[in-house]
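A.B. asks: no sequence on this one, just coordinates:
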């Protein structure tokens, strides 16, 4: 991450769900470098603690265990975190299957992690933001929330739901000093991408390079997005000068969605 250290978010407290790796970790670092105090939330506390060690010297970092699909767990974790100025709903999961092989368990899991988790986290922070008259909520959606992809109907449905939630809530709080936006990455160099590549190579005769080329066909820039590029967009939405930007779903995808 090349983001310079500044103080534009000094005295701001940011929570990043799914903050132990990938996009979440990159977002947390960007916010720290801008002066925010950051709480990492996720299911794997050891991974969160390992990430906190990597942030040594950048600022104040806390780690809290949470299951974003559990109302009780979310309420407990956010109460422990205290007052929150910035929420980045990043926790997510993707699983592929042909529509006829998408059972109720897969369908519900995709909705629970990717959509209900956003709802529960946002509901936990919103009363405090309304009381203080200020807040930034950034939902990490996906280009799968803007267009369709074959074999991931449940994931696409959940991410489309995140964008709908973003737009609706942005209207509700438009005069309250709170902005609500969605950032929509295309294929990004994370563990999720590597899992997708593994799935392609294990089920076909293609090599990893061929699998990568397949995924990049729809990207005009012919390259994957980096977590840092997504993080820079999130940081921009959290800065003081971004208060006129709300209800947006911003594609970070090398031109895949125009």
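C.D. replies: Sure thing, it's come through. Computed from a predicted model, the values in this text were never measured in an experiment.
A.B. asks: can you give me phi and psi for the closest residue to residue 242 other than its chain neighbours?
C.D. replies: Nearest residue to residue 242 in three dimensions, chain neighbours excluded: residue 236, at 6.1 Å (Cβ to Cβ, 6 or more residues apart in numbering). (Each C-beta comes from the backbone N, C-alpha and C, glycine too.) Main-chain dihedrals, residue 236, degrees, to the nearest 10: phi -60, psi -40.
A.B. asks: can you tell me how far residue 236 is from residue 61?
C.D. replies: 21 Å (Cβ to Cβ, to the nearest Å).
A.B. asks: neighbour count: those two, which is higher?
C.D. replies: residue 61 (21 against 16; other Cβ atoms under 10 Å).
A.B. asks: report the beta-bridge partner residues of that one.
C.D. replies: residue 38 (DSSP bridges).
A.B. asks: separation between it and residue 50?
C.D. replies: Counting by Cβ to Cβ, the gap from residue 61 to residue 50 is 12 Å.
A.B. asks: what about the helices in the protein?
C.D. replies: 22-33, 45-54, 71-81, 104-111, 117-132, 153-172, 191-203, 208-216, 227-238 (DSSP state H).
A.B. asks: got the angle for the fourth one vs helix 153-172?
C.D. replies: Compare the direction of helix 104-111 with that of helix 153-172 by axes from the mean of the first three to the mean of the last three Cα atoms, to 10 degrees and you get 30 degrees.
A.B. asks: then the first one?
C.D. replies: Helix 22-33 and helix 153-172 meet at an angle of 30 degrees, taking the same axes, to 10 degrees as the criterion.
A.B. asks: in terms of pLDDT, where does the nearest residue to residue 176 once chain neighbours are set aside sit?
C.D. replies: Nearest residue to residue 176 in three dimensions, chain neighbours excluded: residue 130, at 5.8 Å (Cβ to Cβ, 6+ apart). Listed pLDDT for residue 130 reads 99.
A.B. asks: got the helices of the chain as CSV, with distance to residue 252 columns?
C.D. replies: Shown next, in CSV, are the helices of the chain (distance: least, Cβ to Cβ, whole Å):
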stretch, distance to residue 252
helix 22-33, 10
helix 45-54, 21
helix 71-81, 26
helix 104-111, 21
helix 117-132, 18
helix 153-172, 14
helix 191-203, 14
helix 208-216, 15
helix 227-238, 5
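A.B. asks: excluding chain neighbours, what is closest to residue 84?
C.D. replies: Of all residues not flanking residue 84 in the chain, residue 125 sits nearest, at 4.7 Å (Cβ to Cβ, 6+ apart).
A.B. asks: just checking, residue 243 touches residue 179?
C.D. replies: Yes - counting by Cβ atoms under 8 Å, residue 243 does reach residue 179; the two are 6.2 Å apart.
A.B. asks: endpoints of stretch 135-144, how far apart?
C.D. replies: 26 Å (Cα to Cα, to the nearest Å).
A.B. asks: pLDDT averaged over it - what is it?
C.D. replies: Across stretch 135-144, the per-residue pLDDT values average to 99.
A.B. asks: now do stretch 26-36
C.D. replies: According to the model, stretch 26-36 has a mean pLDDT of 98.
A.B. asks: give me the buried positions along that stretch.
C.D. replies: Neighbour counts over stretch 26-36 (16 or more other Cβ atoms under 10 Å) mark 26, 27, 28, 29, 30, 31, 32, 33, 34, 35, 36 as buried.
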